[in-house]
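Q: sequence first, then the predicted structure:
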Amino acid sequence: MERLRVSSGAVWEPAVGYSRAVRVGDTVAVSGTTSAGPDGTPVGGDDVGAQAREALRRIGAALAEVGAGLDDVVRTRIFVIDISRWEEVGRVHGEVFGDVRPATSMVQVAALIAPELLVEIEADAVVAAAERAAPAPSSPGSLAEVRRAIDGIDDQVVALLARRGALVRRAAAWKPDEQAVRDPARVAQVIARVRQAALEHGAHPDVVERTYRAMVDAFVEVELDVHLEGPEPG
């Protein structure tokens with residue numbers, strides 16, 4: 001069975017002989033992940049919650065590289081050097097996995113690989129067969145395969161946009177005026193959620209936001225057209 005590996009470029013990976021993440025079939029294992037920067041300084045400084053948030057962001061990015069996401073995670077393991085600060089770490093874990101609810105454990109350890117590191121997190125994921133296929137190989141000579149994979153994703157995107165369009169037209173029927181259709185507060189709420197999802201899936205939030213705003217603008221025009229037509233809810 002094919003084994004897909006992810007490397008983060010950390011100096012410890014070749015020295016110790018491990019990968020940031022490995023996918024075999026529908027199962028993905030992500031190695032213990034910290035917030036250590038290139039020079040060893042942790043992202044988040046001495047804020048254990050900020051370190052945990054960065055570790056989870058990196059886990060999300062590693063999962064994305066093998067066609068998975070944080071919503072596929074079924075188990076996490078959290079290692080802290082001071083268990084009295086468990087709530088700070090647990091709060092961040094809950095923000096990321098509140099609806100996913102993976103199995104987890106949190107234990108105190110004597111030390112991590114560097115004294116500045118306060119938390120390390122592992123994750124295991126199982127990818128739903130119908131949701132995500134493994135990415136096409138990126139080795140030389142695989143451009144045609146990559147293009148076929150992109151074409152397949154584009155087909156899925158179009159299908160989802162069609163479904164969204166149908167729901168948007170239906171929603172417009174309940175909105176009393178143009179202001180309700182545009183609803184800047186709702187747009188801001190959606191954009192915030194999309195940016196968080198981008199982080200969880202290892203995508204660049206600014207790029208995703210620009211793309212999403214363009215889509216929202218287009219669907220707002222659809223809603224306005226429907227509103228002017230005045231359909232009855234059904």
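A: Good, I have the coordinates. From a predicted model like this one, the values you see are computed outputs, not experimental measurements.

Q: ok, L199 touching V207?
A: No - look at L199 against V207 with C-beta atoms under 8 Å: they stay out of range, at 11.9 Å. Any C-beta I mention is one placed from the backbone N, CA and C, and that applies to glycine too.

Q: so those two - more neighbours on which side?
A: Remark: of L199 and V207, L199 carries more neighbours, 18 against 10, as counted by other C-beta atoms under 10 Å.

Q: output the helix or strand containing that one as PDB, nothing but the C-alphas.
A: Applying DSSP states H and E as the criterion places L199 in helix 184-200. Taking Å, rounded to 0.1, in the frame of the first residue of the first chain, the C-alpha atoms of helix 184-200 are listed here in PDB:
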ATOM      1  CA  PRO A 184     -22.500  43.100   6.500                       C
ATOM      2  CA  ALA A 185     -22.600  41.500   9.900                       C
ATOM      3  CA  ARG A 186     -23.500  38.100   8.400                       C
ATOM      4  CA  VAL A 187     -20.800  38.500   5.800                       C
ATOM      5  CA  ALA A 188     -18.200  39.400   8.500                       C
ATOM      6  CA  GLN A 189     -19.300  36.300  10.500                       C
ATOM      7  CA  VAL A 190     -19.000  34.000   7.500                       C
ATOM      8  CA  ILE A 191     -15.500  35.500   6.500                       C
ATOM      9  CA  ALA A 192     -14.200  34.900  10.100                       C
ATOM     10  CA  ARG A 193     -15.400  31.300   9.900                       C
ATOM     11  CA  VAL A 194     -13.900  30.800   6.500                       C
ATOM     12  CA  ARG A 195     -10.500  32.200   7.600                       C
ATOM     13  CA  GLN A 196     -10.500  29.900  10.600                       C
ATOM     14  CA  ALA A 197     -11.300  26.900   8.300                       C
ATOM     15  CA  ALA A 198      -8.400  28.000   6.000                       C
ATOM     16  CA  LEU A 199      -6.000  27.900   9.000                       C
ATOM     17  CA  GLU A 200      -7.300  24.400  10.000                       C
END
